[in-house]
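Chemist: Predicted coordinates and the sequence they were generated for:
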Amino acid sequence: MKFLLDMPVSPLLLDVLEAFGHEGVHAFQIGESRAADIKLLELARNENRVIITADLDFPRLLALSGSDGPGVVLFRGGNYSDAEMCELLKRLLNEAAPNVISSSISVVDKRRIRITKLPLK
């Protein structure tokens, strides 16, 4: 699977993705650190990438568009340290199949993972 990390998440997540056999890029690596959410959404869609973010705008944009992708991993429930964010991502990658992650909004927090299939109704 391929991922696009949004600015609010740690670049250390790239190491976690690589350890699980996935590929990722952080928005700053590709010169998109100031890109609007809609632009990142389109970039992820065009490159078949799942967005990893802490920004609530991505699920809202997907809901408004009725689109079936890209998938989104959303960290909720507070400010996480880099280490906490890495552990939460590991938990998701261990518990959910790649085809589920790539076609859903996966909301991850310290207590649970909630997965909602796209498109949102």
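Modeler: Happy to help now that I have it.

Chemist: The helix ranked longest in the chain - contacts with which helices or strands?
Modeler: When the chain is parsed with DSSP state H, its longest helix is helix 82-95. Helix 82-95 sits against helix 13-19, strand 72-75, strand 104-108, strand 113-117, with contacts defined as 3 or more CB pairs under 8 Å, 6 or more residues apart in numbering; DSSP states H and E. Bear in mind the C-beta positions are built from the backbone N, C-alpha and C, glycine included.

Chemist: Could you list the buried residues of the following helix or strand past that helix?
Modeler: Sequence order places helix 98-101 as the next helix or strand after helix 82-95, per DSSP states H and E. For helix 98-101, the buried set under the neighbour-count rule, 16 or more other CB atoms under 10 Å, comprises Ile101.

Chemist: before we move on, what about stretch 86-99?
Modeler: Quick answer for stretch 86-99 (16+ other CB under 10 Å): Cys86, Leu88, Leu89, Leu92, Leu93, Ala96.

Chemist: Look up phi and psi at the spatially most central residue of the chain.
Modeler: In the chain, the centroid-proximal residue (CA atoms, centre = their mean) is Ile52; its distance is 2.0 Å. Dihedral pair for Ile52: phi -110, psi 120, per degrees, to the nearest 10.
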